[in-house]
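1. Okay, predicted coordinates and the sequence, questions at the end:
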Amino acid sequence: MLQKIFAVCFLIMVSMFNQFCINNDSSGKNDFDIVILNGRVIDPESDLDAVRNIGIRGDSVELITTREINGRTSIDARGLVVAPGFIDMHQHGQDHENYSYKVMDGVTTALELEMGTADVDAWYREREGRALINHGVSVGHVPLRMRIMNDPGGFAPVADAVYKPASDEEIGLLKEGLETGLNRGALGVGFGLMYTPAASRWEILEMFRVASKYKAPCIVHIRYGGQKEPGSCITALEEVISASAISGAPLHVVHITSLGFSLTPEMLQMISEARANGLDATVECYPYTATQTTIESAVYDEGWQESFGITFKDLQWAETGERLTSETFAAYRKSGGMVIAHSIPEDVVKSTIADPIVIIASDGMLSGGKGHPRGTGTFARVLGKYVREEKLLSLPEGLRKITLMPAQRIEGIAPMMKNKGRISEGIDADITIFNPELIIDQATYEGPAKYSKGIEYVLVNGVVVVNKGQLQEGIFPGKGVRGVSIDGTTPQF
Ligand SMILES: [Zn+2]
């Protein structure tokens with residue numbers, strides 16, 4: 001009897017010793033905080049597309065292997081795709097409501113680059129320790145113009161910043177404001193030229209010259225949309241291509257389909273040709289056939305039908321979902337509010353998404369559950385509708401447009417982006433794990449506040465923020481993504 005007990009004890013000790021060895025392998029390879037097992041790992045940088053195990057320690061990916069590994073937490077990714085966390089270069093909504101919808105759409109880094117901010121330090125301070133996902137901002141020409149000209153507008157200007165040409169002194173103040181922002185780690189210079197029509201070509205060129213000094217990308221909503229000359233999308237694109245060529249500043253053109261409409265292919269041709277001639281130019285689109293903006297804005301001034309190639313019935317009132325007539329248009333233009341314009345042909349959306357130079361970005365902003373579905377469904381829509389259902393792109397090609405390409409656009413000014421948008425050993429543990437058979441957007445024009453389907457797990461800096469499809473509350477692992485200053489050093493924040 002005693003012998004038997006002794007033998008059992010011995011066996012238990014041996015097994016405990018083995019266990020100890022597995023978890024405390026002298027190579028350190030088997031003691032991870034988190035392991036992701038048996039997932040289809042897709043890395044758009046190395047073209048890896050194979051079943052692997054991933055070991056994460058702290059906030060980094062430490063090992064990618066076919067060997068068995070163990071960790072304190074293990075995620076079974078069998079049948080799922082393990083991708084770099086998605087990066088959204090164009091996200092206006094930068095609060096907890098928006099971050100929650102972003103992460104449920106697979107996004108781990110959301111950047112406000114088009115409008116930007118006038119106060120870079122304050123912007124990052126407001127989010128420090130309180131953000132679900134990584135975030136970053138540009139210094140914005142529009143908010144600086146609003147501050148300098150005392151424009152009382154909110155997101156967009158409404159008074160002098162729209163209608164008043166800048167004096168030489170004001171152009172000097174704008175340049176100083178850009179320099180301050182770039183020295184504090186802004187990720188580029190944002191422009192909304194359609195919102196500041198009184199800003200002269202020379203004023204804009206002066207801003208590009210400052211950006212060039214810092215090798216900062218100029219992220220631009222161009223001056224005009226549509227085909228009506230003078231003032232077509234082609235003229236507007238020529239202005240910024242020319243400013244980029246003259247100054248040497250990198251150029252990024254936002255939401256091209258909602259400015260080009262049926263002329264988008266011509267605009268893409270212009271950007272491709274400029275790139276072939278050595279210009280550092282990139283472009284993005286969102287995967288929807290409708291735009292959204294305020295009906296009382298200059299966008300709907302006389303001539304909109306001719307410019308955009310649409311009429312009243314193509315407009316939908318966001319609040320009620322009704323289509324407009326000439327009478328209701330006139331009434332709503334007086335009262336003001338959000339209008340959706342079904343103005344982008346579906347074949348233009350498709351050919352733009354499929355173009356290898358085009359990055360996908362959402363232009364998202366949700367406020368109290370209201371907004372355009374692009375703010376909540378862009379990424380799952382690309383992977384579900386355009387990759388799986390319509391086969392416009394392969395899955396690795398689709399992922400490249402929402403991970404590696406946006407990271408590469410920003411990493412010149414923010415080297416920390418070299419650790420994002422990829423999955424390889426040593427990179428940040430920002431990871432999105434999804435079911436490729438189920439992933440799809442659920443948000444609609446009538447109901448935008450709906451989480452996408454099929455996002456099973458999301459890690460932000462090594463912290464699980466979506467677990468088995470459920471958003472985890474009360475954790476804020478998101479970090480600020482900041483650029484480097486002119487002498488190549490990262491400023492002390
Ligand atoms: Zn815009």
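-> That came through fine.
2. What is the burial count for the residue lying closest to Asn435 once chain neighbours are set aside?
-> Closest residue in space to Asn435, ignoring its immediate chain neighbours: Gly454 at 4.6 Å, by Cβ to Cβ, 6 or more residues apart in numbering. Using the backbone N, CA and C atoms, a C-beta is placed for each residue, glycine as well. Neighbour count of Gly454, defined by other Cβ atoms under 10 Å: 21.
3. Please spell out which residues along stretch 75-90 are buried.
-> 75, 77, 80-90 (16 or more other Cβ atoms under 10 Å).
4. tell me how far the ends of it are from each other?
-> 30 Å (Cα to Cα, to the nearest Å).
5. Equivalent analysis for stretch 227-234, please.
-> Using Cα to Cα, the gap from the first to the last residue of stretch 227-234 comes to 8 Å.
6. what does that stretch contact?
-> 222-226, 235, 259-263, 266-267, 270, 303, 306-307, 309 (Cβ atoms under 8 Å, 6 or more residues apart in numbering).
7. Redo the buried residues of stretch 75-90 as TSV? Include secondary structure, pLDDT and distance to Met405.
-> Formatted as TSV, those follow (DSSP: H, G, I helix; E, B strand; the rest coil; pLDDT from 0 to 100; distance: Cβ to Cβ, whole Å):
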residue	secondary structure	pLDDT	distance to Met405
Ile75	strand	98	26
Ala77	coil	98	24
Leu80	coil	98	23
Val81	strand	98	18
Val82	strand	98	19
Ala83	strand	98	13
Pro84	strand	98	11
Gly85	coil	98	14
Phe86	strand	99	11
Ile87	strand	98	9
Asp88	strand	98	12
Met89	coil	98	9
His90	strand	98	13
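8. now, which of those sits nearest Ile402?
-> Of all those, Ile402 sits closest to Phe86, with 4.5 Å by Cβ to Cβ.
9. Quick check: the gap between the closest residue to Thr311 other than its chain neighbours and Ser258.
-> Closest residue to Thr311 apart from its sequence neighbours, by Cβ to Cβ, 6+ apart: Gln305 at 5.3 Å. In this view, Gln305 and Ser258 are 16 Å apart by Cβ to Cβ, to the nearest Å.
10. And those two? Which one has more around it.
-> The neighbour count for Gln305 versus Ser258, taken as other Cβ under 10 Å, is higher for Ser258 (25 against 14).
11. So what sits opposite Val41 in the bridge?
-> Note on Val41: beta-bridge partners Ala50, Val82, judged by DSSP bridges.
12. Give me the number of neighbouring residues for it.
-> Using other Cβ under 10 Å, Val41 has 23 other residues around it.
13. Quick check, pLDDT for it.
-> Per-residue confidence (pLDDT) for Val41: 98.
14. now Thr489
-> pLDDT at Thr489 comes out at 63.
15. so Ile455 makes contact with Ile439?
-> Yes: with contact defined as Cβ atoms under 8 Å, Ile455 reaches Ile439; the gap is 7.0 Å.
16. Give the intersection of the neighbour lists for those two.
-> Residues touching both Ile455 and Ile439 (Cβ under 8 Å, 6+ apart): Ala380.
17. gap between stretch 254-268 and the chain center?
-> 19 Å (Cα atoms, centre = their mean, to the nearest Å).
18. Buried residues of it, list them for me.
-> For stretch 254-268, a neighbour-count test (16+ other Cβ under 10 Å) marks 254-264, 267-268 as buried.
19. circling back to that earlier point, what's near enough to touch the residue nearest to Asn435?
-> Contacts for Gly454 (Cβ under 8 Å, 6+ apart) come out as 380, 384, 434-440.
20. among those residues, which are in helices?
-> Counting by DSSP state H, the part of those found in helices is Ala380.
21. And the contacts of Gly454, which two are furthest apart?
-> Among the contacts of Gly454, Ala380 and Glu437 lie farthest apart (Cβ to Cβ), at 12.6 Å.
22. Point out where this protein drops to low pLDDT.
-> Within the chain, the ranges that satisfy pLDDT under 70 run 1-30, 485-493.
23. for it, which residue is closest to the average position?
-> Asp88 (1.2 Å; Cα atoms, centre = their mean).
24. got the contact list for stretch 463-472?
-> The contact list for stretch 463-472, computed with Cβ under 8 Å, 6+ apart, reads 34, 59, 73, 75, 100, 103-104, 132-133, 451, 455-459, 475, 477.
25. Show me which of those residues are buried.
-> The neighbour count (16+ other Cβ under 10 Å) marks 34, 59, 75, 100, 103-104, 132-133, 451, 455-459, 477 as buried among these.
26. show me where the stretch 251-400 of the chain has strands.
-> All strands of the stretch 251-400 of the chain, identified by DSSP state E, counting those that start in this stretch, fall at 251-253, 281-285, 291-294, 315-317, 338-341, 358-360.
27. can I get those strands in TSV with mean neighbour count and distance to Pro415?
-> Formatted as TSV, the strands of the stretch 251-400 of the chain follow (neighbours: other Cβ atoms under 10 Å; distance: least, Cβ to Cβ, whole Å):
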stretch	mean neighbour count	distance to Pro415
strand 251-253	27	18
strand 281-285	26	18
strand 291-294	20	35
strand 315-317	20	43
strand 338-341	22	39
strand 358-360	24	19
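28. right, so of those strands, which gets closest to Leu395?
-> Leu395 lies closest to strand 358-360 among these, at 13.6 Å (Cβ to Cβ).
29. now for the closest one, which elements pack on it?
-> strand 281-285, helix 395-402, helix 404-411 (3 or more Cβ pairs under 8 Å, 6 or more residues apart in numbering; DSSP states H and E).
30. Can you tell me what sits against the last one?
-> Contact partners of helix 404-411, identified using Cβ under 8 Å, 6+ apart, comprise 44-45, 84, 87-89, 111, 136, 187-188, 217, 252, 282, 359, 361, 417-418, 420-422, 481.
31. how far is it from where the chain is centred?
-> That offset, for helix 404-411, works out to 10 Å (Cα atoms, centre = their mean).
32. between that helix and helix 395-402, how big is the angle?
-> 30 degrees (axes from the mean of the first three to the mean of the last three Cα atoms, to 10 degrees).
33. angle of helix 404-411 against strand 281-285?
-> Helix 404-411 and strand 281-285 meet at an angle of 130 degrees, taking the same axes, to 10 degrees as the criterion.
34. In CSV, list the C-alpha atoms belonging to helix 404-411.
-> Extracted C-alpha coordinates of helix 404-411, given in CSV (Å, rounded to 0.1, in the frame of the first residue of the first chain):
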residue,chain,number,x,y,z
LEU,A,404,0.2,47.7,-44.1
MET,A,405,-0.7,50.6,-46.5
PRO,A,406,-2.0,53.1,-43.9
ALA,A,407,0.9,52.2,-41.6
GLN,A,408,3.4,52.9,-44.4
ARG,A,409,1.8,56.2,-45.3
ILE,A,410,2.4,57.5,-41.7
GLU,A,411,5.7,55.8,-40.7
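35. Same question for stretch 408-424: list its buried residues.
-> For stretch 408-424, the neighbour count (16+ other Cβ under 10 Å) marks 408-414, 416-423 as buried.
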